[in-house]
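Asker: model the following, please.
(2 chains)
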Amino acid sequence: MESDAVPARIDKRGGIWKQVVHYRVLYVMMLPGIAYFILFHYVPMYGVTLAFKNFLFMEGISGSPWVGLKHFEKAFSDPYFFQIIRNTLLISLYKLFFGFPVPILFALLLNEVTSLRFKKLVQTASYLPHFISWVVMSGIFIMVFSFDGPINELIKALGGDPVLFLADERYFRSILVITDIFKGFGWGSIIYFAAISGIDPQLYEAAIMDGAGRLQRALRITLPMLVPVIAIMLILNMSGILDAGFDQVFNMYNPSVYHVSDIIDTYVYRKGLVEMQYSYSSAVGLFKSAVALILILIVNRIVRTIGGKEYALW
Amino acid sequence: MVKFRTRADIVYDVFIYAVLMFVLFVTVFPFWNQIVTALSGNQGETITFYPKSLSFQSFRLSLDYPGLWTGYRNTILRTVCGVVLSITVTAMLSYPLAKSKLPFNGLITGMVLFTMLFGGGLIPNYLLIKSLNLLDTFWALLLPSLAGAFNVFIMRNFFRSLPDSLEESAQIDGAGYFLIFTRIVVPLSAPVLATVALWIAVNHWNAWFDAMIYISSPDKQVLQVILRKIIIENSLTDMERLTMGTSIDSLFSAKQLQATMICLSVLPMLVVYPFVQKYFVRGIMVGAVKG
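Answerer: Sure, this is the predicted structure:
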């Protein structure tokens, strides 16, 4: 009944509703999924109207009075709001700038390894942190960077003075970037391994004939062949620029470094669920979601234009 | 094959291996450091690459801590239930969406896709759970993440790649869509179902934020939140009480107990991970091929 003829005939007789009846089992199958998306995604989307209201506990979202852009005006007149925007953008951009090349270099290096067993070992170890929660990873990092942790032991052994890394505004962002790279570089390299394995071996054979050494082959063939994937990944990463990593920051920061590490998501959490300023918190959250939506629409358009449909999100 | 290695080749290899050995060391060291800290006998000794005096006391104490077992029970429960529910709902939504002739397919696909781009955010979600009276219930951990748009598209693309002829022959034999789905499509889709199930399992295993904001009863709390209290918020009150009564408390630092808890929470992952790793990677490859 999936053949062209049957639905076409139904089409002529009774139109779209006849087809719906024909496929009724499929619609019933979809029911739990559709209900889920409406209830747990579209109802909260209606909930963003809270950002334009003054939330009253007794009245609920729909019964609370409208106040227009009051909460947005409050946010935009608060210097601290700009501090968290600045922190979010800085942390994200640092992560992108320093973290983006690491998986590419890692994939290139590992591609040069001839021992399959060693390659597998390094790969397996590098993927592991991706599967461990930020709660546990943060616990580990807090210990590693603690006053009597291994990093400070090393500094002392080299004749330096121990540093309170996690309570020092000068170091905290760098530690966020380093630990983020630590957790993600292995997993992030998978896409580049896939791209490398897709490179035509004839290119390497021809290069060997021409007398190219291994370094030359890596730099003149492998790397250039990765450029399209690199470009796409870079652009896609740009769309997440407002996500500075809530799980990481929330589990690693402390009040002594709020000034440099408080990001939009942590601010929304504290204002909303700790201080119970539901409407104000929703307004800040909505500002972030709206900008993120615009960014991803732009990014998808760019990817479609330069990379073609198969790389685009839709 | 006899390899002719020049001096430049050897230098190149030495460089590559040296860098990667360093990377391997940096990746493994923090984990190793936790094990060594947890196993060290004396508080205050400088912890290096191996424990100077071996002691399992800290493990014995941590295993006596009831919160650890409560956490494990609830985390395992949410992971198992979450995977079963999510896979069922996701597959039943994805299979019809794989049929491009289905009326309203575009509308429903668009509805699912849009949730990847925009969402209500923290407060509206919290208020929804509250108004559904799901606060402090197990359902609050399962329902909000029931189906993800990304997983729907991964599955839909896989279902599309199955040959139509199989379904057609079953239809000729009189099978309805539901029978085709359960008897033909699901068994053929084991690889993608396994991969998506593993992703969902890891997410449930590691999830902490939902439990932190929705669950208030200690006996319903999941492992990650209990760990968070001990290793990040440093609220060692329960653990302290635990050690205080045993009179050997002076031998243990908070740090050691934290490291022990980290080891005990990562252990199951370390045991299972090498065996399932290839499925995760395969899933990424499946996802990379768009239909």
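Asker: name the helix or strand of chain B that has the lowest mean pLDDT.
Answerer: The least trusted helix or strand in chain B, going by mean pLDDT, DSSP states H and E, turns out to be helix B:237-244, with a mean of 50.
Asker: got the buried residues for the helix or strand harbouring residue A:170?
Answerer: According to DSSP states H and E, residue A:170 maps onto helix A:169-188. Under the neighbour-count criterion of 16 or more other CB atoms under 10 Å in any protein chain shown, helix A:169-188 has A:171-173, A:175-188 buried. Just so you know, the C-beta spots here come from the backbone N, C-alpha and C atoms, and that holds for glycine as well.
Asker: stretch A:222-234 now?
Answerer: Counting neighbours by 16+ other CB under 10 Å, one finds that the buried residues in stretch A:222-234 are A:222, A:226, A:229, A:230, A:232, A:233.
Asker: pull the residues that contact that stretch.
Answerer: A:96, A:100, A:104, A:107-108, A:111, A:191-192, A:195-196, A:199, A:203, A:303, A:306-307, A:311 (CB atoms under 8 Å, 6 or more residues apart in numbering or on different chains).
Asker: just the element for the residue of the stretch 151-300 of chain A found nearest chain B, please.
Answerer: Residue nearest to chain B within the stretch 151-300 of chain A: residue A:285 (3.6 Å; CB to the nearest CB). Using DSSP H and E, residue A:285 sits within helix A:278-307.
Asker: what helices or strands is that helix leaning on?
Answerer: Contacts defined by 3 or more CB pairs under 8 Å, 6 or more residues apart in numbering or on different chains; DSSP states H and E place helix A:278-307 against helix A:70-76, helix A:223-238, helix A:264-269, helix B:105-117, helix B:122-131.
Asker: about what we covered before: in the contacts of stretch A:222-234, find the pair that's most separated.
Answerer: Spatially, the most separated pair among the contacts of stretch A:222-234 is A:96 and A:203, at 30.0 Å (CB to CB).
Asker: who's in contact with residue A:299?
Answerer: So residue A:299 contacts A:235, A:236, A:238, A:239 (CB under 8 Å, 6+ apart).
Asker: save those residues as CSV, and put in pLDDT too.
Answerer: Formatted as CSV, these follow (pLDDT from 0 to 100):
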residue, pLDDT
A:235, 83
A:236, 81
A:238, 85
A:239, 83
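Asker: ranking these by neighbours, who comes first?
Answerer: When neighbours are taken as other CB atoms under 10 Å in any protein chain shown, the top entry among the contacts of residue A:299 is residue A:239 (21 neighbours).
Asker: wait, residue B:226 touches residue B:67, no?
Answerer: Yes: here residue B:226 reaches residue B:67: they are 4.9 Å apart, a contact under CB atoms under 8 Å.
Asker: between the two, which one's more packed in?
Answerer: Ranked by neighbour count (other CB under 10 Å), residue B:226 and residue B:67 place residue B:226 first, with 26 against 21.
Asker: any idea how far chain A is from that one?
Answerer: 10 Å (CB to the nearest CB, to the nearest Å).
Asker: centroid residue for the chain?
Answerer: Assuming you mean chain A. Central residue of chain A (CA atoms, centre = their mean): residue A:240, 5.6 Å from the mean position.
Asker: wait, I meant chain B there
Answerer: Per CA atoms, centre = their mean, the C-alpha nearest to the average position across chain B is that of residue B:202, at 1.3 Å.
Asker: what's the helix or strand for that one?
Answerer: For residue B:202, the enclosing helix or strand under DSSP H and E is helix B:190-206.
Asker: could you say what helices and strands that helix packs with?
Answerer: With contacts defined as 3+ CB pairs under 8 Å, 6+ apart, helix B:190-206 has these neighbours: helix B:66-97, helix B:149-161, helix B:254-288.
Asker: so which of those is nearest residue A:81?
Answerer: The closest approach between residue A:81 and any of the helices and strands packed on helix B:190-206, judged by CB to CB, belongs to helix B:149-161 at 30.2 Å.
Asker: and that closest one with helix B:105-117, angle?
Answerer: Interaxial angle, helix B:149-161 versus helix B:105-117 (axes from the mean of the first three to the mean of the last three CA atoms, to 10 degrees): 140 degrees.
Asker: how far out from the middle of the chain is helix B:149-161?
Answerer: Between the centre of helix B:149-161 and the centre of its chain there are 20 Å (CA atoms, centre = their mean, to the nearest Å).
Asker: list the buried residues in the next helix-or-strand element following that helix.
Answerer: Counting by DSSP H and E, the next helix or strand C-terminal to helix B:149-161 is helix B:164-172. Across helix B:164-172, burial judged by 16+ other CB under 10 Å covers B:167, B:170, B:171.
Asker: give me the neighbour count for residue 86.
Answerer: Just so you know, I chose chain A. Counted with other CB under 10 Å, residues neighbouring residue A:86 total 12.
Asker: hmm, I had chain B in mind actually
Answerer: Neighbours around residue B:86, by other CB under 10 Å: 24.
Asker: settle this for me: it is touching residue B:199, isn't it.
Answerer: No: applying CB under 8 Å, one finds residue B:86 not in contact with residue B:199, separated by 9.6 Å.
Asker: shared neighbours of these two, anything?
Answerer: Common neighbours of residue B:86 and residue B:199, counting by CB under 8 Å, 6+ apart, are residue B:151.
Asker: the nearest residue to residue B:274 once chain neighbours are set aside sits in which helix or strand?
Answerer: Once flanking residues are discounted, residue B:274 sits nearest to residue A:124: 6.4 Å by CB to CB, 6 or more residues apart in numbering or on different chains. If you go by DSSP H and E, residue A:124 is part of helix A:116-127.
Asker: what does the very next helix or strand once past that helix contact?
Answerer: Per DSSP H and E, helix A:116-127 leads on to helix A:134-144 as the next helix or strand towards the C-terminus. With contact meaning CB under 8 Å, 6+ apart, helix A:134-144 is reached by A:129, A:149-151, A:166, A:175, A:179, A:182-183, A:247-248, A:250-252, B:30-31, B:33-34, B:37, B:206, B:208, B:224-225, B:227-228, B:231-232, B:255, B:258-259, B:261-262, B:265-266.
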